[in-house]
Each structure stands twice: as C-alpha cells, then as structure tokens.
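>>> Following is a predicted model, sequence given first.
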Amino acid sequence: MKLEEKLYLLTYKHDKQNHITIRDNDVCLTACGSQWGRPCTTFCPANVYSWDGEKTTASYENCVECTSCLTGCPYHNIDWRLPRGGFGVQYRNG
Ligand code: SF4
Ligand code: SF4
C-alpha cells in the first residue's frame, strides 16, 4: 500500500488552535533557502509544509504527529507541540 493510501485511512479531529509555529520566517527566506533548500518541504510525510515564495506555511491540520519536526529543521525554527488532548490524528490501522 502506498503512503498516500495509508494517509487516506487516517482520521483527524481538527483543533482550531495551531500546534505548529514557524519561529522566524527570515531564516526560511534567507539562510535555509540558500544552504539547505528548505528541508521541511520534503521530510514531512504528510506534506504539512510548503514554501509560497515568501514564507513557509504549515497546514497543521494534516500533521500525523511523527515528531520529525523536532530534529528535521536545521535551524530548530519550528515550534512543534502535540495538539491539545482529544485533538489531532487518530490511527485506526496500527
Ligand atoms: S526547514 Fe526550518 S528554517 Fe528551513 S524552511 Fe523549514 S522551517 Fe524554515
Ligand atoms: S510532526 Fe511529522 S507529520 Fe507533523 S508536521 Fe512534523 S514532520 Fe509533518
């Protein structure tokens, strides 16, 4: 089964409160863009992060809570926390 097919099986209880914050977009714009190619746009299995040409955006509703954000950003520029209790992804197939 492809990753996309597995992700389709997940259910989410979306929270209105964002649990992901980019600390300093200037870092994304300059240093990370030129030296690292903005790895958050590739390491996240759920494609939460995207670069719109000016800033990094995070579609936090799609987060599968894999915790890669805690180590994947070379500048520790992502403030990632677990969603509040009762919210977030719900795994049904292991
Ligand atoms: S990896 Fe970190 S510094 Fe680089 S674009 Fe993503 S959030 Fe910004
Ligand atoms: S914790 Fe995992 S799924 Fe969630 S945003 Fe970070 S890399 Fe993506």
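Great, that's in hand. Numbers count the residues shown, from 1 in each chain. Ligands and ions are numbered 1, 2, ... in the order given.
>>> alpha carbons only for contacts and neighbour counts from here, please
OK.
>>> Up against ligand 1, what does the chain have?
22, 27-28, 32, 38-40, 56, 73-75, 77-78 (C-alpha under 6 Å from any ligand atom).
>>> again, only using 8 Å
22-25, 27-29, 31-33, 36-41, 49, 51, 55-56, 72-78 (C-alpha under 8 Å from any ligand atom).
>>> Spatially central residue in the chain, please.
Val48 (4.1 Å; C-alpha atoms, centre = their mean).
>>> what residues are up against that residue?
The contact partners of Val48, taken as C-alpha atoms under 8 Å, 6 or more residues apart in numbering, are Thr41, Ala58, Ser59, Tyr60, Asn62, Cys63.
>>> With Ile78 instead?
Ile20, Thr21, Ile22, Arg23, Cys69, Leu70.
>>> how much space between it and ligand 2?
9 Å (C-alpha to the nearest ligand atom, to the nearest Å).
>>> same check, this time on Arg81
8 Å.
>>> Enumerate every residue touching the nearest residue in space to that residue that is not next to it in sequence.
Nearest non-adjacent residue to Arg81, counting by C-alpha to C-alpha, 6 or more residues apart in numbering: His19, 5.4 Å away. Residues in contact with His19 (C-alpha under 8 Å, 6+ apart) are Tyr60, Asp79, Trp80, Arg81, Leu82, Pro83.
>>> Mind checking which of these land in strands?
Asp79, Trp80 (DSSP state E).
>>> I'd like the contacts of His19 written out as JSON lines, with neighbour count added.
Formatted as JSON lines, the contacts of His19 follow (neighbours: other C-alpha atoms under 10 Å):
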{"residue": "Tyr60", "neighbour count": "23"}
{"residue": "Asp79", "neighbour count": "12"}
{"residue": "Trp80", "neighbour count": "19"}
{"residue": "Arg81", "neighbour count": "14"}
{"residue": "Leu82", "neighbour count": "13"}
{"residue": "Pro83", "neighbour count": "20"}
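>>> Having no further points to raise, I will conclude here.
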